[in-house]
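J.: Dropping the sequence and predicted coords here.
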Amino acid sequence: MDHFFQHKARKRFGQNFLVDENIIERIVRAIAPKEDDRLVEIGPGQGAITELLLKRCPSLTAVELDRDLIPLLQFKFRDYPDFSIIEQDALKFDFGSLAGNGQLRIVGNLPYNISTPLLFHLLGFRGKIRDMHFMLQKEVVDRLSAVPGNKSYGRLSVMVQYHCRVQGLFPVPPQSFRPAPKVDSAIVRLVPHATLPNPAENEELLERLVNVAFQQRRKTLRNAIKPLYPDLDIPALPVDASRRPETLSVKEFVELANYLSTLDQ
Ligand code: SAM
């Protein structure tokens with residue numbers, strides 16, 4: 001029956017379909033779905049991961065942008081009454097609407113072209129998310145889990161680690177997909193903190209600070225934040241302003257943002 005739904009992978013939707021059964025099993029084992037979980041899959045594609053997920057947890061909502069894939073998925077999973085598909089752009093989707101009183105477990109082999117904005121979009125629903133397991137470009141997983149001083153450490157590391165515990169799980173080679181992507185991939189687990197370990201008084205200010213700090217990585221902290229705060233009393237800052245921003249921990253960024261928020265009042 002599958003040949004009725006022959007689907008040509010579309011580059012503009014970032015379609016690289018998983019074909020390696022061992023990797024699919026390893027991903028599902030890492031997710032360890034339970035029967036009463038609320039699973040949400042972003043970009044199910046042709047259902048490679050969906051199939052194994054449904055075997056363990058028959059209630060799953062998929063968010064898929066490519067409308068040509070919807071009939072294929074509906075047919076393939078017709079025996080699962082609690083499987084549903086939302087035909088939408090995940091970047092615009094209100095994930096909170098699926099949570100009810102529970103918490104979501106979000107999974108996906110994400111389209112790499114939108115992965116960073118999608119991660120930021122999802123952080124907006126962090127209170128309603130128990131955990132997230134994603135396949136991403138390995139380089140992005142390196143950035144998510146990077147520690148201060150590492151060349152991959154930047155805005156994405158600080159902002160995601162502010163909200164979540166990040167755990168890089170395992171690499172996935174290009175041959176595991178059809179068509180094979182040009183880059184290496186990896187699986188990452190993100191667990192939103194139940195209580196933020198380093199809460200910022202003003203998260204918008206923290207974001208603005210982290211943004212300017214990493215715009216020119218080679219500048220000192222003092223020079224990086226000068227455009228935002230030209231009259232700053234440098235010795236009063238809670239961190240040494242002659243340091244490079246890329247050496248600051250999440251905690252130090254928050255301390256600095258909290259100090260700056262007292263000036264904004
Ligand atoms: N999960 C499948 C697999 O592992 O074989 C497909 C993964 S493929 C890398 C990415 C999937 O995300 C495709 O099915 C694509 O159509 C879908 N997609 C692309 N952009 C999307 C968006 N903005 N919102 C939701 N789904 C999207």
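T.: That came through, no problem.
J.: Just list the residues touching the spatially closest residue to A200 that is not a sequence neighbour, thanks.
T.: Leaving aside its sequence neighbours, A200 sits nearest to L206 (Cβ to Cβ, 6 or more residues apart in numbering; 4.2 Å). Placement of C-beta: from N, CA and C, glycine included. Neighbouring residues of L206 by Cβ atoms under 8 Å, 6 or more residues apart in numbering: Y162, A200, F253, V254, A257.
J.: burial count for the last one?
T.: This points to A257. 23 (other Cβ atoms under 10 Å).
J.: For the protein, what lies in contact range of the ligand?
T.: Counting by Cβ under 6 Å from any ligand atom, the residues of the chain close to the ligand are 13-18, 42-46, 48-49, 63-66, 69, 89-91, 109, 111, 114.
J.: which of these are buried?
T.: Buried by 16 or more other Cβ atoms under 10 Å: 13-16, 18, 42-46, 48-49, 63-66, 69, 90, 109, 111, 114, out of the residues of the chain next to the ligand.
J.: Now, those that are in strands?
T.: L18, I42, V63, E64, N109 (DSSP state E).
J.: Tell me the pLDDT of the first one.
T.: L18 is assigned a predicted lDDT (pLDDT) of 97.
J.: State the helix or strand in which V28 lies.
T.: helix 21-31 (DSSP states H and E).
J.: Low-confidence ranges, the protein, go.
T.: 1-5, 264-265 (pLDDT under 70).
J.: which stretches of it form strands?
T.: Using DSSP E, strands in the chain cover 17-18, 38-42, 60-64, 83-87, 104-109, 129-137, 164-172, 177-178, 185-192.
J.: Dump the last one to CSV, keeping only the CA atoms.
T.: Which is strand 185-192. This file holds the C-alpha atoms of strand 185-192, laid out as CSV (Å, rounded to 0.1, in the frame of the first residue of the first chain):
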residue,chain,number,x,y,z
SER,A,185,23.8,14.9,13.5
ALA,A,186,23.3,14.1,17.2
ILE,A,187,20.5,13.5,19.7
VAL,A,188,20.1,15.9,22.6
ARG,A,189,17.8,15.8,25.6
LEU,A,190,16.6,19.1,27.1
VAL,A,191,14.8,19.1,30.5
PRO,A,192,13.3,22.4,31.5
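J.: Can you tell me how far the residue nearest to K251 when sequence neighbours are not counted is from the ligand?
T.: Spatial nearest neighbour of K251, excluding adjacent residues (Cβ to Cβ, 6+ apart): N198 at 4.8 Å. For N198, the distance to the ligand equals 31 Å [Cβ to the nearest ligand atom, to the nearest Å].
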